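> any chance you can model this:
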Amino acid sequence: MLSGIRILVVEDEPSVAATLVDVVEDAGGEVVGIARSVSEARQMIRAQGFDAAVLDLNLADGEVTPVLEALQARKAPTVVYSGGELPAHVRQRHPELMTLRKPVLPGRLVAEILRARKQQT
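Sure thing, here's the model as predicted:
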């Protein structure tokens with residue numbers, strides 16, 4: 001399903017990040033990096049080649065809006081995978097953004113990554 005698709009994971013909780021890696025790899029995708037902070041994510045967005053991103057909204061070091069903006073500027077298909085709700089100001093700015101509330105079944109996450117990619121083309 002995700003064959004040949006390179007995914008950037010932005011998640012600061014190690015167990016959740018490991019689960020995301022398993023889901024992506026089990027679906028045939030490749031995780032190109034795991035960013036555990038806003039600064040790591042911004043650096044990886046500039047440096048890494050990837051096809052889509054899975055983004056947690058709540059990172060330990062701050063607001064992820066700059067990360068989301070960098071992903072959107074790059075036109076990177078993005079799925080928000082978070083324990084919380086998408087803030088209203090983010091929803092207004094990015095109405096097309098797919099948001100999944102943790103936890104979800106692996107198949108749903110894979111399907112939403114594919115849907116986000118399809119919307120970007």
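> what ranges do the helices span in this protein?
14-26, 38-47, 65-73, 88-93, 106-120 (DSSP state H).
> which ones are touching the residue minimising distance to the centre of the chain?
With distances taken as C-alpha atoms, centre = their mean, the residue of the chain nearest its centroid is V54 (1.3 Å). Going by C-beta atoms under 8 Å, 6 or more residues apart in numbering, V54 touches 7-11, 20, 24, 78-79, 81, 109, 113. C-beta coordinates here come from the backbone N, C-alpha and C atoms, glycine included.
> how about a cut-off of 10 Å?
Shown in contact with V54 (C-beta atoms under 10 Å, 6 or more residues apart in numbering): 7-11, 16-17, 20, 23-24, 31, 34, 77-82, 100, 109, 112-113, 116.
> with R91 instead?
Per C-beta under 10 Å, 6+ apart, neighbours of R91: 85, 97, 99.
> verify the stated contact: the last one with Y81.
Yes - taking C-beta atoms under 10 Å as the contact criterion, T99 and Y81 are neighbours in contact, 8.1 Å apart.
> which one of the two has more residues nearby?
Ranked by neighbour count (other C-beta atoms under 10 Å), T99 and Y81 place Y81 first, with 27 against 18.
> tell me the pLDDT at the closest residue in space to Q72 that isn't next to it in sequence?
With C-beta to C-beta, 6 or more residues apart in numbering as the criterion, Q72 has its nearest non-adjacent residue at 6.6 Å, and that residue is H94. Residue-level confidence at H94 comes out at 85, pLDDT.
> what does the one 4 residues further on give?
Each residue has a pLDDT score; the one for M98 is 88.
> count of residues packed around it?
Look at M98: counted by other C-beta under 10 Å, it has 17 neighbours.
> alright, calling it a day.
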